[in-house]
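Participant: sequence first, then the predicted structure:
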Amino acid sequence: ADLAAKGKLDGKRVFIRADLNVPQDDQGNITEDTRIRASVPGIRLALDAGAAVMVTSHLGRPTEGTLTPADSLAVVAERLSELLGKPVRLVADWVDGVSVAPGEVVLLENCRVNKGEKKDDDALARKMAALCDVYVNDAFGTAHRAEATTHGIARYAPVACAGPLLAAELDALGRALSAPKRPLVAIVAGSKVSTKLTILKSLADKVDQLIVGGGIANTFMLAKGLPIGKSLAEPDLLNEARAIIEVMEKRGAAVPIPTDVVCAKTFAADAPAETKSADAVAADDLILDIGPVTSERLAQLLKAAGTIVWNGPVGVFEFDAFSHGTETLARAIAASPAFSIAGGGDTLAAIAKYGIADQVGYISTGGGAFLEFLEGKALPAVAILEERAAQGA
Ligand code: 3PG
């Protein structure tokens, strides 16, 4: 059940768990506010319906029991207030009671400072639930954590439901992975197979083309008997890589392995770049990008796709000489009629760099949560809402 379906919120006390965990610089200034912007529609919906609105989030990973200035949501309250065009009062100690009037919105200080938040303490969750009539989870980014504000509270609040952002994220991910328009093409790139092995295995059963990139592609190239020089790879995972290729090929699906690559002798922005055939990588080479022939072949796959799931840049796109592969794929995704979904910090940075945000079907606000969804894991914060919905709450 989502918030819009919850009927009359007029005069109700609504507790919204958002994910306002935004990146900050050394001075504490917000460097990127997508998550705060994404939380606005849910908050507005409750305010416009006449609710007394309490919003909370974690920020970073503070020590429980102490609130240092660096842990405070003060900067977030300020930004939220600008976006909502109304004052947002920050409430420091809130577990034992919050004073908030209908039509007003308060931001409850960093929920991870409360003792018991991280371990989903039952007594804490009950106290929080007692603050509200309606609990709304709109924090997709934290949906993979079972904490008091994402999980326990949903068990005890009189009503518990998903907010519009959480609902939209789950819709988009479901559309991409549950009943996708085919061909379904996934890009899974990053430095290590080990951190994305579960995703690769889970997607190997679902997708038609599994495009690998970065250190992950190097490990797959090694598994295919190709030389990779001194490139980043995990030789102990060759059997896992081979098993993934085998599962895919048995289903008539494929892991397209690069046929040309861009190499350098050192990992540096100004290192001379050399394009080589994948079977001609020298012992002292570092593979830092896919080559133009590979990029073009993959771009064609993306343009012909029905659905695209994108996690990770295929090269060191921060260095211009090694950004061609990522840029070509990004532009192919933008030009493709496929429904596309993208997530993860590096992927979002690539989307921003090439200015294609408007041409991507859905950009997830989740980092770890997006990855766990791709792994096929149940998200605890979603599971508890489903449990409540099944009970008719
Ligand atoms: C994130 O940034 O991925 C979420 O806000 C979750 O943060 P966490 O990894 O500290 O739980």
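Facilitator: Looks like it arrived, so ask away. All figures in this text were calculated on a predicted structure; none of them were measured in a lab.

Participant: which parts of the stretch 151-300 of the chain are strands?
Facilitator: Ranges of strands in the stretch 151-300 of the chain, per DSSP state E, counting those that start in this stretch, are 159-162, 184-189, 209-213, 260-264, 274-277, 286-290.

Participant: could you give the mean pLDDT of the fifth one?
Facilitator: When pLDDT is averaged over strand 274-277, the result is 98.

Participant: what does that strand contact?
Facilitator: Contacts of strand 274-277 with the rest of the structure, by Cβ atoms under 8 Å, 6 or more residues apart in numbering, involve 259, 260, 261, 262, 263, 264, 282, 285, 291, 292. Using the backbone N, CA and C atoms, a C-beta is placed for each residue, glycine as well.

Participant: name the residues of it that are buried.
Facilitator: Of all the residues in strand 274-277, those buried under the rule 16 or more other Cβ atoms under 10 Å are residue 276.

Participant: strands paired with that strand, and their directions?
Facilitator: strand 260-264 (antiparallel) (DSSP bridges).

Participant: other residues contacting the partner strand?
Facilitator: 229, 271-278, 281-282, 285-294, 315, 321-322, 324-325.

Participant: report the buried members of the residues you listed.
Facilitator: Buried among those by 16+ other Cβ under 10 Å: 229, 271, 276, 278, 281, 285-291, 294, 315, 321-322, 324-325.

Participant: could you pull out the helices for the stretch 251-393 of the chain?
Facilitator: Under the criterion DSSP state H, counting those that start in this stretch, helices of the stretch 251-393 of the chain are mapped to 292-303, 324-335, 345-353, 368-374, 380-390.

Participant: against which helices or strands is the fourth one packed?
Facilitator: Okay, so that is helix 368-374. Under the contact criterion of 3 or more Cβ pairs under 8 Å, 6 or more residues apart in numbering; DSSP states H and E, helix 368-374 touches helix 164-177, helix 193-204, strand 307-311.

Participant: what's the answer for the second one, then?
Facilitator: Judged by 3+ Cβ pairs under 8 Å, 6+ apart, helix 324-335 is in contact with strand 209-213, strand 286-290, helix 292-303, strand 307-311, helix 345-353.

Participant: now swap in the last one and tell me
Facilitator: Here helix 380-390 is seen to pack against helix 153-156, strand 159-162 when contacts are counted using 3+ Cβ pairs under 8 Å, 6+ apart.

Participant: okay if I get those as JSON lines plus mean pLDDT, mean neighbour count and distance to residue 32?
Facilitator: Formatted as JSON lines, the helices and strands packed on helix 380-390 follow (pLDDT from 0 to 100; neighbours: other Cβ atoms under 10 Å; distance: least, Cβ to Cβ, whole Å):
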{"stretch": "helix 153-156", "mean pLDDT": "98", "mean neighbour count": "23", "distance to residue 32": "28"}
{"stretch": "strand 159-162", "mean pLDDT": "96", "mean neighbour count": "24", "distance to residue 32": "24"}
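
Participant: nearest to residue 304, of these?
Facilitator: Minimum separation from residue 304 across the helices and strands packed on helix 380-390 (Cβ to Cβ) falls at strand 159-162, 34.2 Å.

Participant: still on that earlier bit, redo the helices and strands packed on helix 368-374 as CSV? Include mean neighbour count.
Facilitator: Shown next, in CSV, are the helices and strands packed on helix 368-374 (neighbours: other Cβ atoms under 10 Å):
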stretch, mean neighbour count
helix 164-177, 21
helix 193-204, 20
strand 307-311, 26
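
Participant: what does the stretch 51-200 of the chain put close to the ligand?
Facilitator: 61, 141, 142, 145 (Cβ under 6 Å from any ligand atom).

Participant: what sits closest to the first one if chain neighbours are left out?
Facilitator: So the one you mean is residue 61. Closest residue to residue 61 apart from its sequence neighbours, by Cβ to Cβ, 6 or more residues apart in numbering: residue 112 at 6.9 Å.

Participant: doesn't that neighbour belong to a helix?
Facilitator: Yes. Using DSSP: H, G, I helix; E, B strand; the rest coil, the assignment for residue 112 is a helix.

Participant: so what's the residue count around residue 215?
Facilitator: Using other Cβ atoms under 10 Å, residue 215 has 22 other residues around it.

Participant: from residue 260, how far off is it?
Facilitator: 18 Å (Cβ to Cβ, to the nearest Å).

Participant: about what we covered before: buried members of the residues of the stretch 51-200 of the chain next to the ligand into ChimeraX, please.
Facilitator: Of these, the buried ones go into a single ChimeraX selection, burial set by 16+ other Cβ under 10 Å:
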select :141,142,145
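
Participant: could you dump the residues of the stretch 51-200 of the chain next to the ligand into JSON lines with pLDDT and secondary structure added?
Facilitator: Converted to JSON lines, these look like this (pLDDT from 0 to 100; DSSP: H, G, I helix; E, B strand; the rest coil):
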{"residue": "61", "pLDDT": "96", "secondary structure": "coil"}
{"residue": "141", "pLDDT": "97", "secondary structure": "helix"}
{"residue": "142", "pLDDT": "98", "secondary structure": "helix"}
{"residue": "145", "pLDDT": "98", "secondary structure": "coil"}
